[in-house]
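Participant: fold the following for me, if possible:
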Amino acid sequence: MTGLLKQPAHKPEQTGPEADARYRRLRLQVFIGAFIGYAGFYLVRKNLSMAIPAMAPLGFDKAELGFVLGLNAAAYALSKFLMGSVSDRSNARAFLPLGLILSAISMCFMIVPIQFIGAEHKTLAIVVMGLLNFLVGWFNGMGWPPCGRVMTHWFSVSERGTMMSIWNCAHNVGGALVGPMATYGAAWFGCWFYGGHEELYFLIGTFAFPAAVALLIAVMAFILLRDTPQSCGLPSIEKWRNDYPRNYSEKHEEALSAREIFFKHVLNNKFLWFIALANAFVYMVRYGCLDWAPTILTEKGIDLKSAGWAYFAYEFAAIPGTLLCGWLSDKLFKGRRALPTMIFMSLVLVFILLYRSFIDNLTIVIISLIGIGFFIYGPVMLIGVQALDLAPKNASGTAAGLTGFFGYFFGTFLLANTVMGKVAQSFGWSWTFLLLIAACLLAILFMGLTLKEERAPRTG
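Facilitator: Predicted coordinates:
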């Protein structure tokens with residue numbers, strides 16, 4: 001890797017009280033940079049799902065827009081896997097802000113096919129919209145891998161479940177803000193651009209306003225992030241905390257070739273394949289509920305503003321749930337990730353059944369969405385942590401990318417977006433809930449296959 005993305009060289013190692021104080025300060029600084037940087041990606045990620053209800057009066061239908069949603073997920077899946085390998089050999093400080101800037105620019109241009117091409121040229125509009133949403137997904141794939149790289153280099157394995165659970169809340173913060181941004185961005189800035197054409201105000205709130213905020217966050221992330229402790233003249237995190245995982249080797253600190261990463265440490269690891277399959281069904285549930293919630297609610301007579309706040313509640317409910325799941329995996333389950341994942345997915349299933357049974361009762365629907373949000377993001381987070389635990393630090397982006405590919409390509413693009421959109425259009429929402437129930441059961445099954453093989457990392 002050369003140029004802007006080239007990994008910084010290791011500097012001579014510093015020791016002593018001043019180095020310890022600097023290590024603690026930089027750990028907090030880097031964590032904040034990774035948190036706000038990753039939250040920024042979710043401001044310009046799934047915005048189209050908030051726009052779908054407002055696009056129906058303009059002549060676009062659910063099946064078409066479900067396909068466009070799916071392209072975002074497909075691009076993200078491919079990017080997270082392929083760009084994960086690039087990230088493993090890049091400077092995280094530059095890699096993350098670059099991806100966020102490109103995501104924001106692509107998201108802002110989503111206005112063009114909707115406003116300037118329009119449904120009167122629907123085929124062209126859908127093609128351009130799909131291309132832009134593909135780019136949004138691709139550049140968003142540059143967010144998770146550098147964060148995974150940062151977290152594995154700055155936080156040791158015995159604290160990683162807890163710290164990753166806190167960091168993982170970043171996408172709930174970013175995702176939850178999309179709803180209020182769509183509402184208030186349209187109210188604050190819509191009239192500046194569209195005057196009396198209120199039907200177009202949502203374009204500013206949903207696409208342009210979040211993109212502008214994401215650009216500012218990219219600058220902040222660049223200021224705060226650092227690549228590795230060694231690039232700052234500090235020892236490895238394992239050495240500094242005297243906290244070595246059972247399979248640790250000094251070679252894990254060395255840069256690996258793409259061939260070594262893919263074939264030696266990722267593709268031949270059957271445990272990674274099990275959790276990747278489980279991840280596909282976890283993500284089907286995650287986005288099957290999240291992406292279609294605004295549409296379901298508006299079809300039940302709820303205004304877009306209220307639907308946006310329901311979206312907000314779903315995302316923010318995930319924060320305490322994720323923190324609880326990460327803490328339990330570290331403290332109660334001693335670094336094992338499979339069992340808490342299975343428990344949380346079982347509880348997700350309970351709330352999906354409640355959602356399905358009382359879909360015409362707004363209060364119970366919102367309670368169900370909050371319950372799903374609370375429990376679904378723990379498994380999302382823990383599968384990512386498992387991937388980091390199973391690979392050397394310098395192959396962590398690629399390992400997480402494999403599970404992410406299954407989650408976003410199969411779970412989100414094919415199942416949650418494309419299949420569920422077509423099933424909802426043809427057969428109604430009741431059939432989509434049967435798909436979500438099956439997904440919960442399959443996720444539990446594949447995680448169950450890992451129970452005997454999963455080994456807790458050595459702590460202390």
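Participant: just checking, Ile359 is part of a strand?
Facilitator: No - looking at Ile359 with DSSP: H, G, I helix; E, B strand; the rest coil, it is coil, so not inside a strand.
Participant: tally of neighbours for it?
Facilitator: Residues contacting Ile359 under the criterion other C-beta atoms under 10 Å number 16. Every residue, glycine included, has its C-beta placed from N, CA and C.
Participant: pick out the residue nearest the middle of this structure.
Facilitator: In the chain, the centroid-proximal residue (C-alpha atoms, centre = their mean) is His171; its distance is 6.0 Å.
Participant: and the longest helix out of those in the chain, average pLDDT?
Facilitator: Longest helix of the chain, by residue count under DSSP state H: helix 157-194. Confidence over helix 157-194, taken as the mean pLDDT, stands at 86.
Participant: tell me the spacing between Val30 and Ile117.
Facilitator: Summarising the geometry, the distance separating Val30 from Ile117, computed by C-beta to C-beta, to the nearest Å, is 43 Å.
Participant: same check, this time on Phe358
Facilitator: Phe358 is 40 Å from Ile117, by C-beta to C-beta.
Participant: higher neighbour count, the two?
Facilitator: More crowded of Phe358 and Ile117, by other C-beta under 10 Å: Ile117, with 17 against 14.
Participant: show me the helices in the stretch 301-450 of the chain, by range?
Facilitator: Taking DSSP state H, counting those that start in this stretch as the criterion, the stretch 301-450 of the chain contains helices spanning 304-327, 338-357, 362-390, 396-405, 420-427, 429-448.
Participant: which one of those lies nearest to Tyr283?
Facilitator: Closest approach to Tyr283 among the helices of the stretch 301-450 of the chain is made by helix 362-390 (7.3 Å; C-beta to C-beta).
Participant: packing partners of that closest one?
Facilitator: Packing contacts for helix 362-390, counted by 3 or more C-beta pairs under 8 Å, 6 or more residues apart in numbering; DSSP states H and E, involve helix 144-154, helix 157-194, helix 270-290, helix 293-299, helix 304-327, helix 338-357, helix 396-405.
Participant: out of these, flag the one nearest Gly70.
Facilitator: Between Gly70 and those, the shortest gap by C-beta to C-beta is with helix 270-290, which sits at 9.8 Å.
Participant: the closest one: which residues count as buried?
Facilitator: Within helix 270-290, the residues that count as buried by 16 or more other C-beta atoms under 10 Å are 271-290.
Participant: same thing with stretch 169-189?
Facilitator: Under the neighbour-count criterion of 16+ other C-beta under 10 Å, stretch 169-189 has 169-179, 181-183, 185-186, 189 buried.
Participant: now that stretch: how far from the chain's centre is it?
Facilitator: With C-alpha atoms, centre = their mean, to the nearest Å as the basis, the distance from the averaged C-alpha position of stretch 169-189 to the chain average is 16 Å.
Participant: so what's the residue nearest to the centre of the chain closest to, chain neighbours aside?
Facilitator: In this structure, His171 finds its nearest non-sequential neighbour in Tyr42, 4.7 Å apart by C-beta to C-beta, 6 or more residues apart in numbering.
Participant: gap between the one you found and Thr450?
Facilitator: Distance from Tyr42 to Thr450, counting by C-beta to C-beta: 28 Å.
Participant: any idea how far the closest residue in space to Leu234 that isn't next to it in sequence lies from Asn242?
Facilitator: Spatially, and ignoring its direct neighbours in sequence, Leu234 is nearest to Tyr23 (5.3 Å; C-beta to C-beta, 6+ apart). Spatial separation of Tyr23 from Asn242 under the definition C-beta to C-beta is 13 Å.
Participant: cool, Met181 as well?
Facilitator: Following C-beta to C-beta, the distance that separates Met181 from Asn242 is 44 Å.
Participant: swap in Ile367?
Facilitator: Note on Ile367: its distance to Asn242, by C-beta to C-beta, is 46 Å.
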